[in-house]
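**Student:** structure for this input, please:
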Amino acid sequence: MLLRPVLALPFSTLQGNGHGSFSKTFLSNFSLSSEKGKKFVASASREQDFVVFRPFEEVEKDSLLVPLNPQLSLARHRFSDVCEAAINEQINVEYNVSYVYHAMFAYFDRDNIALKGLAKFFEKSSEEEREHAVKLIRYQNIRGGRVKLHSIVPPFSEFEHEEKGDALYAMELALALEKLTNEKLLSLHRVAETKNDPQMSDFIESEFLTEQVESIKKIAEYVAQLRLVGKGHGVWHFDQKLLHDDDAA
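**Tutor:** Got it, this is the predicted structure:
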């Protein structure tokens, strides 16, 4: 014997005319009945003054069928190919920025440069960008997308600048990179909105956008300070502040 759940809701209640709450109606009208020899089915329909919800007919829709091909994602639902491609592009952006920051770390860590605070700052920045890429990879997999990693462009390895000095030049470059990353994230967010994907929109907003504007503000302040101290002894003091910031905290 098969059981068929029938959820009967007064149609007037669904229209919100004050005849009772949804939860009370649900509890008072939910019932189980059996019909020998019939399928276990469900759908949504109006019968006289009641709406009858039969969920097992609804899950037979093509859009909800579980794929049989083992190469296809079982979790994917309302996730467009455009969103999938945009996330893969953003992963590439994050890895490229991380690579540039890693080059800056290597430069300032040289024995003849020896600005350990800047080396520490850019090493940490590189790690954060890689963490962003990994976060996007995990999200892609959660939504049933396919991660495709693109090529990474080799960055500069020298950051000398006759007029600005290497510290200011590198920090201004970092500020430009943070703004570029923010632009790319905003574009990714617009793609999610265009494709009516509120879950992806929320993910980008909550996990990236606030952190990005805070990072832009912090590096902008570093640029302003380095412009004030010039290329001389002040750079060493600035570097020492970066080196011991965590210790002071």
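**Student:** any idea which residue sits dead centre in this structure?
**Tutor:** Nearest residue to the geometric centre of the chain (CA atoms, centre = their mean): residue 204, 3.9 Å.
**Student:** which of the helices or strands spans that one?
**Tutor:** helix 198-204 (DSSP states H and E).
**Student:** again, but for residue 138
**Tutor:** helix 116-142.
**Student:** tell me the angle the following helix or strand past that helix makes with helix 116-142.
**Tutor:** Tracing the chain past helix 116-142, the next element assigned as helix or strand by DSSP H and E is helix 166-194. Relative orientation of helix 166-194 versus helix 116-142 (axes from the mean of the first three to the mean of the last three CA atoms, to 10 degrees): 20 degrees.
**Student:** state the mean pLDDT of helix 166-194.
**Tutor:** What helix 166-194 shows for mean pLDDT is 97.
**Student:** name the helices or strands packed onto that helix?
**Tutor:** helix 81-108, helix 116-142, helix 198-204, helix 210-229, helix 233-248 (3 or more CB pairs under 8 Å, 6 or more residues apart in numbering; DSSP states H and E). From N, CA and C alone the C-beta is placed, and that goes for glycine too.
**Student:** tell me, how many residues neighbour residue 172?
**Tutor:** 18 (other CB atoms under 10 Å).
**Student:** gap between it and residue 83?
**Tutor:** 33 Å (CB to CB, to the nearest Å).
**Student:** same question, residue 53
**Tutor:** 30 Å.
**Student:** map the structural domains onto the sequence of this structure.
**Tutor:** 3-64, 81-248 (automatic domain parsing).
**Student:** for residue 75, which of the helices and strands packed on helix 166-194 is the nearest?
**Tutor:** Residue 75 sits nearest to helix 116-142 of all these, at 7.1 Å, using CB to CB.
**Student:** got the angle for the closest one vs helix 81-108?
**Tutor:** Using the same axes, to 10 degrees: helix 116-142 against helix 81-108 is 160 degrees.
**Student:** who does helix 116-142 touch, helix- and strand-wise?
**Tutor:** helix 81-108, helix 166-194, helix 233-248.
**Student:** show me how far the first one is from its chain's centre.
**Tutor:** A distance of 14 Å separates the C-alpha centroid of helix 81-108 from that of its chain, computed with CA atoms, centre = their mean, to the nearest Å.
**Student:** likewise for the last one?
**Tutor:** Averaging C-alpha coordinates over helix 233-248 and over its chain gives two centres that are 33 Å apart (CA atoms, centre = their mean).
**Student:** okay, buried residues for that helix please.
**Tutor:** Buried residues in helix 233-248, counted by 16 or more other CB atoms under 10 Å: 235, 238-239, 242-243.
**Student:** with the longest one instead?
**Tutor:** Along helix 166-194, these residues count as buried under the neighbour rule (16+ other CB under 10 Å): 166-175, 177-179, 181-182, 184-185, 188-189, 191-192.
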